[in-house]
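**Student:** What follows is a predicted protein model with its sequence.
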Amino acid sequence: MDLIERYLDKVDHLPPAPTVALQLLDLFSDPDRDIDRIVQLIKHDPSLTAETLKSCNRGSMEPLSDMFEAVGRMGLYQIYAIVVSLMASRTMRLVRSQYSWDANRLWQHTVVTALISSTLAKRVQVVEATAFTAGLLHDIGKLIFVSMEGVVYADIVRSAGHFGPRLVAAESSVIGFTHAALGARLLTRWGLPEGICCAVELHHQSPTLTEKHLRLAAVVNFADALAHQIIDGSAHAADAAVASPQAMTLVELKAHDIPALVQQINQDLPRVQGLLQMHA
C-alpha cells in the first residue's frame, strides 16, 4: 500500500461517495438517457430534491414544485449541475469548521472552474457533464488536507499561497504528495470515471500527448488557471496563457481568443449565481 492510500485510511471523517452523482453521470453519458429515471433518482433523496428545487427557485417569479417541472424549465444539464454542486457543497461543509482559510473563496474558485471546464468541453468534444464534474472536484484534496493537517496546512498556505506551483511544491515537501494526487485517489476510491480522476491529478501539470484522457485533462488544467486569473486578478494570479500553454493548445485556443472567453464566462456567471450561493 502506498503513502496516499495509507493517508486516506487514516482520515477520520472521509467524505462518503456521492452515489447519486455517480449514477447521474452514468446516465448522462448515455445518448438515450431516460428523463424519468433521472428524475426518480434525484427524488429518491428527499433532502436533495428539496435543495435542488430551492436552488432552482432562487429569484424566480414562478416557483417550481416538482422535479419533472424543474427539468422541463431548467433543462437536464442545468439540473445535473445543481445536483452535483449541492453534493460537492455538502462535502465541503464536513470540514468547514476546521477550515482556517477562506472556504467561500475556494468554493467560488471551484464553481468558476467547473463553469469554464464545461464551456471549453464543447470546443473539444468532451462530455459537458463530465468536464463540469471534473472542474467541480479538482481541489477536493485540499479539503482532506485541511481536515487532517489543520495548522500545518494553514502554515503551508500562508507561506506558499492558496494556489499555483509554490503551493504544490510546498505540499510535496511537507506532506509528501499534492492535493491533486490525493484528490484523484479519493475519486478513484469513490468509483468516478478514470478520465475525471486523471484530470484532477493533472490539473497542476501540463498534459502531454501520452496521456490517455488528454483533452479532459487539458480542459481542467486550463480552466483552473483561467478561474484564478478571473477571480484573483492579474496582480495575484499568473496569466492563464502563461500558466498553461500546453493545455491552451490542446483546447484549441490562441492568446487572442482568451479575452472573448473571459467575457463569455463573466456573462455566464449570473447563470451559476445559485451555485455560488450554496456555500455562502
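**Tutor:** Perfect, thanks for sending it. What you are looking at is a predicted structure, and each value in this text was computed from that prediction instead of being measured.

**Student:** Can you give the domain ranges for this structure?
**Tutor:** The record's domain parsing of the chain by automatic domain parsing lists 16-93, 98-280.

**Student:** will you turn these into JSON lines that also has mean pLDDT?
**Tutor:** Formatted as JSON lines, the entries for the domains of the chain read as follows, by pLDDT from 0 to 100:
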{"stretch": "domain 16-93", "mean pLDDT": "81"}
{"stretch": "domain 98-280", "mean pLDDT": "86"}
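
**Student:** among the ones you listed, which is the most enclosed?
**Tutor:** domain 98-280 (a mean of 20; mean count of other CB atoms under 10 Å). (C-beta placed from N, C-alpha, C; glycine too.)

**Student:** and it, how far from the chain's centre?
**Tutor:** 7 Å (CA atoms, centre = their mean, to the nearest Å).

**Student:** Would you mind listing the residues in contact with the nearest residue to residue 277 once chain neighbours are set aside?
**Tutor:** The spatial neighbour of residue 277 that comes closest, neighbours along the chain excluded (CB to CB, 6 or more residues apart in numbering), is residue 58 at 7.0 Å. The contact partners of residue 58, by CB atoms under 8 Å, 6 or more residues apart in numbering, come to 273, 274, 277.

**Student:** can you rerun that using 10 Å?
**Tutor:** Residues in contact with residue 58 (CB atoms under 10 Å, 6 or more residues apart in numbering) are 273, 274, 275, 277.

**Student:** same thing with residue 253?
**Tutor:** Contact analysis of residue 253 by CB under 10 Å, 6+ apart lists 120, 123, 124, 218, 222, 226, 240, 241, 244, 247, 260, 261.

**Student:** could I get those residues as CSV with secondary structure?
**Tutor:** Rendered in CSV, the data for the contacts of residue 253 read as follows (DSSP: H, G, I helix; E, B strand; the rest coil):
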residue, secondary structure
120, helix
123, coil
124, coil
218, helix
222, helix
226, helix
240, helix
241, helix
244, coil
247, helix
260, helix
261, helix
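
**Student:** which of those sit farthest apart?
**Tutor:** Distances among the contacts of residue 253 were taken as CB to CB; the most separated pair is 218 and 260, at 18.8 Å.

**Student:** Surely residue 152 is in contact with residue 173?
**Tutor:** No: the pair residue 152 / residue 173 is not scored as a contact, 11.9 Å apart, by CB atoms under 10 Å.

**Student:** Residue 123 contacts residue 215, doesn't it?
**Tutor:** Yes: the pair residue 123 and residue 215 qualifies as a contact (CB under 10 Å) at a distance of 9.2 Å.

**Student:** what do those two both touch?
**Tutor:** Overlap between the contact sets of residue 123 and residue 215, as judged by CB under 10 Å, 6+ apart, is given by 251, 252.

**Student:** Please render the contacts of residue 253 as CSV that adds distance to residue 135 to the earlier fields.
**Tutor:** Putting the contacts of residue 253 into CSV (distance: CB to CB, whole Å) gives the following:
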residue, distance to residue 135
120, 9
123, 14
124, 14
218, 12
222, 10
226, 11
240, 14
241, 19
244, 14
247, 13
260, 20
261, 15
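
**Student:** Looking at those, which is nearest residue 32?
**Tutor:** Taking CB to CB as the measure, residue 32 sits nearest to residue 124 out of these, at 23.4 Å.

**Student:** pLDDT score assigned to residue 96?
**Tutor:** Residue 96 is assigned 53 on the pLDDT scale.

**Student:** Adjust the sequence numbering to begin at 892 for everything that follows.
**Tutor:** Got it, the first residue is 892 from now on, which makes the last one we talked about residue 987.

**Student:** immediately after the helix or strand residue 940 falls within, which helix or strand?
**Tutor:** Take DSSP states H and E as the rule and residue 940 turns out to sit in helix 937-947. Sequence order places helix 958-965 as the next helix or strand after helix 937-947, per DSSP H and E.

**Student:** Give me the contact list for that next one.
**Tutor:** Contacts of helix 958-965 from elsewhere in the structure, counted by CB under 10 Å, 6+ apart, are 926-927, 929-934, 939-940, 943-944, 946-948, 951, 953-955, 957, 969-974.
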